[in-house]
Structures are given as structure tokens and as C-alpha cells.
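S.K.: got a sequence here, can you build the structure:
(3 chains)
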Amino acid sequence: MRQEQHRLTVQTRGQGLVEITREITGWLAGQGPRDGLLTLFLRHTSASLMIQENADPDVQRDLETFFKRLAPEDPRLYRHTTEGTDDMPAHIKAALTQTQLAIPVAEGRLLLGTWQGIYLFEHRARPHSREIVLHLIGN
Amino acid sequence: MRQEQHRLTVQTRGQGLVEITREITGWLAGQGPRDGLLTLFLRHTSASLMIQENADPDVQRDLETFFKRLAPEDPRLYRHTTEGTDDMPAHIKAALTQTQLAIPVAEGRLLLGTWQGIYLFEHRARPHSREIVLHLIGN
Amino acid sequence: MRQEQHRLTVQTRGQGLVEITREITGWLAGQGPRDGLLTLFLRHTSASLMIQENADPDVQRDLETFFKRLAPEDPRLYRHTTEGTDDMPAHIKAALTQTQLAIPVAEGRLLLGTWQGIYLFEHRARPHSREIVLHLIGN
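M.R.: Model (predicted):
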């Protein structure tokens, strides 16, 4: 049994889903363990991780719209407003989605379903540099 | 340290929670490792995994009603409507819940709390066959 | 490769976020494995785990307010009311957040981001004693 760790940096362009499946599988391809478990951990509280459909881009837009409606950028709703009207909604969206994901690996490949992609969901209005820790354990 | 992997198929009957605790513990009982970590990974984006109370069935019905109200099957709300009015709400419900769960194991048993059950939450109107990858690591 | 397990009990004071980062890092400091993965598993369905900003306490209050508005304590909305008007909203809030978290560890430290804290989110009105299973695997 072995383990590997890596830090992946993702540049975002403001609010929205960024697919990172290729970056993850690219790193995985070079690792020793072929069967095991890959954990992704996002080191931020105003963005999140999500596994979603990667076929129709409208799904991603509808998800963004849904979360925007659920946690509106209306400063009258929040106490925490000093970091901008998009900051508290960003924390709420992060709370409703994932900071961490674990995906089984077999024969060097992630066991994602046919239509599953891994996404970084940026909740802040402005572009950010986001760091994800990758942890792989297996044989 | 050892690891085991398995694929569990669950048939659903349309929208709603399906308890799968027994299927999981049944598989676990036959495995070598007695202490460790069990990870469940669902290979779909229009269903999800959930740990919830397994005592009063009304809890499950209230959860279903809550999520239906939160993500209504109203095509005017979404761009992605080609796969049916229940599809985009299904993706939203999946985004709000879990694609993956990890549960510690001790002496061959899941360390679930007294009232915790493991559920597959089907979000599509029609019955589906859903696949869950089980990954166990431990001694 | 080694693994360690521990049960942490947290006393809550009724609804709200309780930071438990120090309790977790305190336990971690005494363990053998220095690099690996720490999994936290909450053995309850009316409370949850959350990683959130630990800088401005207003963020925590806004989160509590948001979830209270999203799942109101209004018995007319639910079938499951026998355990009190706060019980079904508690299950809903638990479904929308996390029962389990996994965090990579390097050189004996959790790889949390600068502003990330680990919280237990109590959803019941009255104080409760909550149990979290800690599972560490690594070298």
C-alpha cells in the first residue's frame, strides 16, 4: 500500500463551474498506485467541488442560476458584508455543496460514471486562484 | 493493510429514498478487513447518497417533499429541459446532497449511529438501475 | 501504512455552529501517522459537519439564519412533528450539509486552508452530546 499527495492550482474567471476532470486524471496517470481511493480537498470556503453532468453545458448554467436564486447577492439579507455582496452568498453556496470528494480508482482510472465530470465551483464574482489537495492511497 | 472493491447495483422505483444499509453491511460481512474505512461512490448525477434517520418513514417523505419544493419541476425555470421536466431538478438535488460517503468500520461493523441508515435518493420520475462503487481499506 | 480510530464527544448548546478544529488537531498531534488522510464521521442525523470560514463570526450567524429560513420550524410544512417543531428542519439541514469530511494530513498537520475551520453544526434547539468518529490512515 502506498500514498501520494499533490497540490493542484486552478485559476477561475469569476462565478461558475470549471471542469477539472482532465487535470485530475492527468496527475493520476503518472502515479504508482493503480487501485485505490483518490480524495480531493479544496482549501477555500467561498468555492466548492462538485461532480456533475458534463454532457449539456446548460446543466451547468442552470445550476449556477439555481444557487444564485437560493442565496441572492442582497446585502440586506446578511450581516457579513464587508468583503463584498458576493462573499456571504459564496459561503452559503460552499456550505450547500462539497469541500471534499473521494473517488475510487481501478486500473489507474477514476471510476466516474459515463456522464460525470469533476468541477470546481467558483462562487466569488472576481477571478481567483484556488488550491486543491489530491491524496491517493492504494496499490 | 488491504483493500477491496465492489460494484453494487440498486433498482429504484422512481423518485424517493431507498434504504441500502442491508446491502452494504451484507457485502461488508464477507470481506477480509475488519477495521478501516468504507467509501461509497455513486456513478450518477441525477440521484444521490444520503445518511438519514431510519426510524420514522415520515422523515423520508418530508425530505422528498422539501427537495421537490426547493427544485420544482417547472420547465420555465430551466434551460436544460430536453431530457424531461424532472431531469434538471434531479441534477440540482444531486448537487445539494452527496455523490460519495465514507464510513469508518470497526470489528467488521459500520460505525453508524443508532438511527442512521444509508439511502440512495432517486431524483428521476422513472425507475432506474443505479451503480454504487464500494471501496474498503483497512486491516 | 497504519490506521488509528478515535471517538470524540462534543457538547452543544442548542442550534448553531461549534468550532472543533482544536479538538481534532489535538488528537492528531498524538498519533503515529504523519502523512495521510483523516476522516470525520458524525453519528447523528439532526446535526452535521461543515468546513467554513473561521475569521468573522458573522459568517456563522448568517449561515445559521440562512438555513433557518430555508427549512422553517413551521409544523404545517411537515408530517414528522412528534419529536418537536425543530426536528424535521434539523434532518433537512443535515441532508443539505455533511455527515462526513475527509482532510489530507502532511507532516502531522491538517491541510486546511488559512481561513478554514471545522465545525459541528447543531440543528436541534436543545443542547446535545454528539459523537464523531475520527479515522486516520497513513504513514
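
S.K.: what about the residue in chain A that chain C sits nearest to, distance to residue A:100?
M.R.: Residue nearest to chain C within chain A: residue A:43 (3.2 Å; CB to the nearest CB). C-beta coordinates here come from the backbone N, C-alpha and C atoms, glycine included. Remark: distance between residue A:43 and residue A:100 (CB to CB, to the nearest Å) = 10 Å.

S.K.: the two: which is more packed in?
M.R.: Using other CB atoms under 10 Å in any protein chain shown as the criterion, residue A:43 and residue A:100 rank with residue A:100 on top: 24 against 20.

S.K.: wait, that one touches residue A:42, no?
M.R.: Yes. The criterion here is CB atoms under 8 Å, and residue A:100 meets it with residue A:42 at 7.1 Å.

S.K.: joint contacts of the two?
M.R.: residue A:49 (CB atoms under 8 Å, 6 or more residues apart in numbering or on different chains).

S.K.: tell me which residue in chain A sits closest to chain B.
M.R.: residue A:113 (3.3 Å).

S.K.: now do the strands in chain A.
M.R.: Using DSSP state E, the strands of chain A run over A:2-11, A:16-19, A:36-42, A:47-53, A:100-106, A:109-110, A:116-122, A:129-138.

S.K.: give me the contacts around the fourth one.
M.R.: Contact partners of strand A:47-53, identified using CB under 8 Å, 6+ apart, comprise A:12, A:17, A:40, A:42, A:59-60, A:63, A:90, A:93-94, A:97-101, A:103, A:112, A:115-124, A:128, A:130, A:132, B:45-46, B:91, B:94-95, B:99-100.

S.K.: please redo it, this time with the cut-off set to 7 Å
M.R.: With CB atoms under 7 Å, 6 or more residues apart in numbering or on different chains as the contact definition, strand A:47-53 has outside contacts at A:17, A:40, A:42, A:59-60, A:63, A:93-94, A:97-101, A:115-123, A:128, A:130, B:45, B:91, B:95, B:99.

S.K.: what of the third one?
M.R.: Among residues not part of strand A:36-42, those counted as contacts by CB under 7 Å, 6+ apart are A:28, A:48-49, A:99-105, A:110, A:130, A:132-139, B:3, B:39, B:135, B:137, C:37, C:102-104, C:111.

S.K.: what pLDDT does the model give the residue nearest the centre of chain A?
M.R.: Residue closest to the average C-alpha location in chain A (CA atoms, centre = their mean): residue A:49, at 2.2 Å. With respect to pLDDT, residue A:49 has a value of 98.

S.K.: any idea how far it is from residue B:14?
M.R.: 29 Å.

S.K.: then residue A:4?
M.R.: For residue A:4, the distance to residue B:14 - CB to CB - is 42 Å.

S.K.: please say which of these two ends up with more neighbours.
M.R.: Higher neighbour count among residue A:4 and residue B:14: residue A:4, with 17 against 12, using other CB under 10 Å.

S.K.: okay then, goodbye and thanks.
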